[in-house]
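Asks: coords please:
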Amino acid sequence: MEKINGLSSQEVKMRINKNLINYVDEPKTKTIKEIVRSNVFTYFNFLNILLGSLVIISGLISGRLLYSLKNCLFVGVIFTNTIISIVEEILAKKTIDKLNLVTDTKISVIRDNNVKLVSREELVLDDVCIYNIGNQIVTDSVILDGVVEVNESFITGEEKIILKKKGDNLISGSFVVSGKCTV
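Replies: Have a look, this model is predicted:
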């Protein structure tokens, strides 16, 4: 492999200041506040609270408050269902957040003529990355040196290994199955 110089620290800072960074467009999970709000303030809950209130008001007017409270037991089921939905969604959120943390791998880049590990969010325009077997391509890029075989099955749906060499494009999301390259 030929010697390829990466960006200098000054060039990286300039690109960050110009907002030429790698944005990760993965959807973020809801906050706990948003989860509670989306489960409590629903049309279904509003309608049932309204109906329950009307039943209690009619019981007060007719003088049969205990009878009307008995007829409002359905509100307890609605309340329980809302609590269960909130708890399940919060548990799912925590699991997804843990999985996102596990999949956040570091990328080898050349900066100041040294190989450095950075996260996807720290990549800037024109960063020189090094990919080996098992790495996921995190941004669309062009091979500067080396030869790799990549799996682009996320695009075509079929497990097809494609040979890529100097000058070829690598597509974000594909995986390196053999070889080594600088992009």
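
Asks: Please count neighbours and contacts with C-alpha atoms only from this point.
Replies: Noted.

Asks: Mind giving me the packing neighbours of the lowest-mean-pLDDT helix or strand in the chain?
Replies: The helix or strand of the chain with the poorest confidence is helix 153-156; it has a mean of 73 (mean pLDDT, DSSP states H and E). Applying 3 or more CA pairs under 8 Å, 6 or more residues apart in numbering; DSSP states H and E, we find helix 153-156 packed against no helix or strand.

Asks: Spit out the contact partners of residue 39.
Replies: Listed by CA atoms under 8 Å, 6 or more residues apart in numbering, the contact partners of residue 39 are 82, 85-86.

Asks: Now the buried members of these.
Replies: Buried members of the contacts of residue 39, scored by 16 or more other CA atoms under 10 Å, are 82, 86.

Asks: The helix or strand containing residue 11: what's the following helix or strand?
Replies: Using DSSP states H and E, residue 11 falls within helix 9-17. Downstream of helix 9-17, the first helix or strand assigned by DSSP H and E is helix 32-40.

Asks: Give me the buried positions along that following helix.
Replies: The neighbour-count check on helix 32-40 (16+ other CA under 10 Å) flags 35-36, 39-40 as buried.

Asks: And the strands in the chain?
Replies: Remark: strands assigned in the chain by DSSP state E are 107-111, 114-118, 128-131, 141-142, 145-151, 161-164, 169-170, 175-182.
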